[in-house]
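Chemist: For reference, the sequence and a predicted model appear below.
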Amino acid sequence: MNLDWRLNKGEGPLWNGLRLFENSGLNLLFNVASGTPYTPTQVFNEVTLAAVSNIPSGPLNSRYGPWSLDMDLKATREFHARGLRLEAYAWVLNVLNQKNPTAVYTSSGSPATTDWLGTNEGQGFLSTAAGRGVDGAALYGLAENDPTIYSNPRLVRFGLRTNF
């Protein structure tokens with residue numbers, strides 16, 4: 001859904017003899033999307049160099065990732081300077097700061113975990129790491145916590161543009 005509201009010269013509320021919102025606009029873009037399809041696989045180590053292959057556990061593209069919700073807001077104000085028509089703007093992407101996954105781990109269907117540590121192989125990894133004095137769960141968790149799996153967090157842009 002895209003909502004756009006504009007006021008031209010001389011429009012808008014009058015305050016102390018000034019029309020503060022004339023030549024300005026507000027645009028709201030609201031997106032809701034179903035998750036993208038993926039092929040489920042048997043649980044395997046998806047995040048380290050030990051990840052060699054995945055074995056499908058269901059039909060091609062038979063599962064869907066989580067839904068996403070996103071809202072962007074852009075406020076603009078037009079003015080004139082030195083014969084140029086300029087437009088200043090503030091643009092907020094992902095206003096609600098939603099943590100929208102763009103992908104999932106195919107073995108779990110989750111963007112947060114592969115479920116590999118629950119397997120016999122994963123338990124062996126944890127035991128080996130503990131024998132070396134390393135917290136294997138924390139180490140593997142660092143690899144699982146991949147920020148590229150999520151869309152950008154809230155982002156604010158300011159700008160000035162002109163047309164000629």
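Modeler: In hand now; what should we look at?

Chemist: going forward, measure contacts between C-alpha atoms and count neighbours the same way
Modeler: OK.

Chemist: How many residues are close by the residue lying closest to Leu3 once chain neighbours are set aside?
Modeler: Leaving aside its sequence neighbours, Leu3 sits nearest to Leu28 (Cα to Cα, 6 or more residues apart in numbering; 5.1 Å). Residues lying near Leu28 (other Cα atoms under 10 Å) number 18.

Chemist: Run through the bridge partners of Leu28.
Modeler: Leu3, Leu73 (DSSP bridges).

Chemist: Distance of it relative to Gly109?
Modeler: 31 Å (Cα to Cα, to the nearest Å).

Chemist: My guess is the residue nearest to Leu3 contacts Leu73. True?
Modeler: Yes - look at Leu28 against Leu73 with Cα atoms under 8 Å: they come within range, at 4.7 Å.

Chemist: where does the protein have low pLDDT?
Modeler: Across the chain, the ranges flagged by pLDDT under 70 are 51.

Chemist: Please tell me how far the residue nearest to the spatial centre of it sits from Thr106.
Modeler: Geometric centre of the chain, nearest residue: Ser151, 1.9 Å, by Cα atoms, centre = their mean. Look at Ser151 and Thr106: by Cα to Cα, they are 18 Å apart.

Chemist: swap in Ile149?
Modeler: When distance is defined by Cα to Cα, Ile149 is 12 Å away from Thr106.

Chemist: got the contact list for Leu155?
Modeler: Val92, Leu93, Asn94, Val95 (Cα atoms under 8 Å, 6 or more residues apart in numbering).

Chemist: Name all residues that make contact with the first one.
Modeler: Taking Cα under 8 Å, 6+ apart as the definition of contact, the neighbours of Val92 are Asp72, Leu73, Lys74, Arg154, Leu155, Val156, Arg157.

Chemist: what's the closest non-adjacent residue to it?
Modeler: Take Val92 and drop its neighbours on the chain: the residue closest to it by Cα to Cα, 6+ apart is Val156, 4.5 Å away.

Chemist: what about the one you found, neighbour count?
Modeler: 14.

Chemist: need the contact list for it.
Modeler: Counting by Cα under 8 Å, 6+ apart, Val156 touches Ala90, Trp91, Val92, Leu93.

Chemist: could I get stretch 36-54 in CSV with only the CA atoms?
Modeler: Extracted C-alpha coordinates of stretch 36-54, given in CSV (Å, rounded to 0.1, in the frame of the first residue of the first chain):
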residue,chain,number,x,y,z
THR,A,36,9.8,-17.1,0.0
PRO,A,37,9.8,-20.8,-0.9
TYR,A,38,12.7,-23.1,0.1
THR,A,39,13.4,-26.8,-0.1
PRO,A,40,13.6,-28.5,3.3
THR,A,41,16.7,-30.5,4.0
GLN,A,42,17.9,-33.0,6.6
VAL,A,43,19.7,-31.3,9.5
PHE,A,44,23.3,-30.6,8.7
ASN,A,45,26.0,-28.1,9.7
GLU,A,46,25.0,-25.2,7.4
VAL,A,47,27.2,-22.4,8.8
THR,A,48,30.8,-23.6,9.0
LEU,A,49,33.4,-24.8,6.6
ALA,A,50,32.4,-28.4,7.5
ALA,A,51,29.1,-27.8,5.6
VAL,A,52,29.5,-30.1,2.6
SER,A,53,26.1,-31.0,1.2
ASN,A,54,22.5,-30.9,2.0
